[in-house]
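**Q** prediction below, plus the sequence it came from.
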Amino acid sequence: MTRFLFVVPPFTGHVNPAKGLAAELVRRGHEVAWVGPEGAPELAPRPPELRAFAAMKYLWEEVLVPLAEAMVPAVEKALAQFCPDVLVVDQQAFAGALVAERAGLPWATLATTSAEFTDPLAALPNVAQWLSDLFSLLRKQFGDPSAVHDLRFSPRLVIGCTTEELAGPARGPVCFVGPIERPSEEDFPLAAGPPLVFVSLGTANVDVGARFLGECVAALGDRSWLRALVLDPGGVLGPAPANVTVLPRAPQLAVLDHASLVLCHAGHNTVCEALSRGVPLVVAPIRDDQPIVADQVVSAGAGLRLRFTRAGASHIGLAVDTVLGEPSYAEAAQRVAASFRAGGGARTAADRLERL
């Protein structure tokens, strides 16, 4: 029996894959404990207009670095109380990597998004240096100042929740396992009927989604030969056409089991949950890693990309018609789904952790 300590930030898209992996380790007889920030860290609300480098700078300086600083005491306490053998550290929970390297404990990275595997800063040396300087400051405060590896990538094992068919070839100690899904906890009964288009902008984009969601409703409402389910957690939409259902929330995994097309923001979890079912996509990335994930979808042939700030009902409708009408998109999604199944998910990840 091995003791695994999971270090995970308080973000839904990061917690859910970790839950699936932790459940597999427990099923095998290992002990698992979790650590996050003590209390709710005070993170500055992100200005909705931020894009590109401004959005990245905000994410690092106002969210990820303060989160690391807030989580270090909790990780140190967990090490003293739980005495783990191995730490499983989310790629954005740097506190786990910092404390593990200082304590000399083995740790693995759990990468819940595939964006970092593309080395997005390769063509931006000044930005890469800025990021390296941030890591150096964190190490001087909390880690091993002599260490030089990137805190986002364990030198021993990186578990990537994707496959080469979507993200491209793996490099270094990277093990692509495909998505690690949480068990679906709710049903979503749906009678047989026209093709279902599922529309979601995720949980973190309520502040910017009103216009785009409205255009989606207009486009889908004009297509009586299909039906749509649109998630509107912010309550920004008015009455919808008869073939469009608007809900504040829905059990996404259960809904995706019925979907013919997903129209989303290119969030990594939503994209992978759709592709794992062979469902093609229309993606309109907003910020963060979403443009990279959107490009991966297009490169795989599994969907089309729209411009979030400019796409109107006509653009959205044409993209929906194209993806649903051209079999190659669904065929590509099925190929990615097959690669996900071959990746092994939580089982393969647990195998690698047991050998760490």
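**A** Structure received. Residues are numbered from 1 along each chain as shown.
**Q** what's in contact with stretch 195-212?
**A** 11-13, 46, 48, 190, 213, 216, 220, 225-231, 233-234, 236-237, 252, 255-256, 258-265, 267, 270, 274, 284, 286, 308, 311, 320, 324 (C-beta atoms under 8 Å, 6 or more residues apart in numbering). C-beta: built from backbone N, CA, C; applies to glycine.
**Q** just to be sure, which of those are found in strands?
**A** The strands, defined by DSSP state E, take in 227-231, 261-264 from these.
**Q** how about those residues in CSV, adding distance to Arg352?
**A** Below are the ones in strands among the contacts of stretch 195-212 laid out as CSV (distance: C-beta to C-beta, whole Å):
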residue, distance to Arg352
Arg227, 42
Ala228, 40
Leu229, 37
Val230, 39
Leu231, 34
Leu261, 34
Val262, 30
Leu263, 35
Cys264, 30
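**Q** tell me the domain boundaries of the protein?
**A** Split into domains by automatic domain parsing, the chain comes to 3-156, 196-341.
**Q** which helix or strand contains the residue lying closest to Arg223 once chain neighbours are set aside?
**A** In this structure, Arg223 finds its nearest non-sequential neighbour in Gly317, 6.7 Å apart by C-beta to C-beta, 6 or more residues apart in numbering. Using DSSP states H and E, Gly317 maps to helix 313-325.
**Q** that helix packs against which elements?
**A** In this structure, helix 313-325 packs against helix 210-221, strand 261-264, strand 281-283, strand 303-305, with contacts taken as 3 or more C-beta pairs under 8 Å, 6 or more residues apart in numbering; DSSP states H and E.
**Q** rerun that using 10 Å as the cut-off
**A** Packed against helix 313-325 by the contact rule (3 or more C-beta pairs under 10 Å, 6 or more residues apart in numbering; DSSP states H and E) you find strand 196-200, helix 210-221, strand 261-264, strand 281-283, strand 303-305, helix 327-343.
**Q** out of these, nearest to Leu87?
**A** Comparison of these against Leu87 by C-beta to C-beta identifies helix 327-343 as nearest, at 22.7 Å.
**Q** so where's the stretch 151-300 of the chain uncertain?
**A** Applying pLDDT under 70 to the stretch 151-300 of the chain flags residues 183-185, 204-207.
**Q** quick one, helices of it?
**A** 164-167, 210-221, 252-256, 268-275, 290-299 (DSSP state H, counting those that start in this stretch).
**Q** try the stretch 1-150 of the chain
**A** Using DSSP H, counting those that start in this stretch, helices in the stretch 1-150 of the chain cover 12-27, 52-58, 65-82, 94-103, 125-142.
**Q** got the buried residues for the third one?
**A** Meaning helix 65-82. When burial is assessed from 16 or more other C-beta atoms under 10 Å, helix 65-82 yields the following buried residues: 65-72, 74-76, 78-79, 82.
**Q** mean confidence (pLDDT) on it, please.
**A** Helix 65-82 carries an average pLDDT of 95.
**Q** any idea how far it is from the chain center?
**A** In terms of C-alpha atoms, centre = their mean, to the nearest Å, the gap separating the centre of helix 65-82 from the centre of its chain is 23 Å.
**Q** one step back: from the ones in strands among the contacts of stretch 195-212, which is closest to Ala337?
**A** Of all the ones in strands among the contacts of stretch 195-212, Ala337 sits closest to Val262, with 13.0 Å by C-beta to C-beta.
**Q** separation between the closest one and Leu190?
**A** With distances defined as C-beta to C-beta, to the nearest Å, the gap from Val262 to Leu190 amounts to 15 Å.
**Q** so which of these two has more stuff around it?
**A** Per other C-beta atoms under 10 Å, whichever of Val262 and Leu190 has more neighbours is Val262, with 27 against 14.
**Q** partners of that one in the sheet?
**A** Here Val262 shows beta-bridge partners Phe198, Leu281, assigned using DSSP bridges.
**Q** so what's it up against?
**A** When contacts are counted by C-beta atoms under 10 Å, 6 or more residues apart in numbering, Val262 touches 196-200, 252, 255-256, 270-271, 273-275, 277, 279-283, 303, 323, 333.
**Q** picking that back up, and of the helices of the stretch 151-300 of the chain, who's closest to Ala54?
**A** Shortest distance between Ala54 and the helices of the stretch 151-300 of the chain, using C-beta to C-beta, is found for helix 290-299: 13.9 Å.
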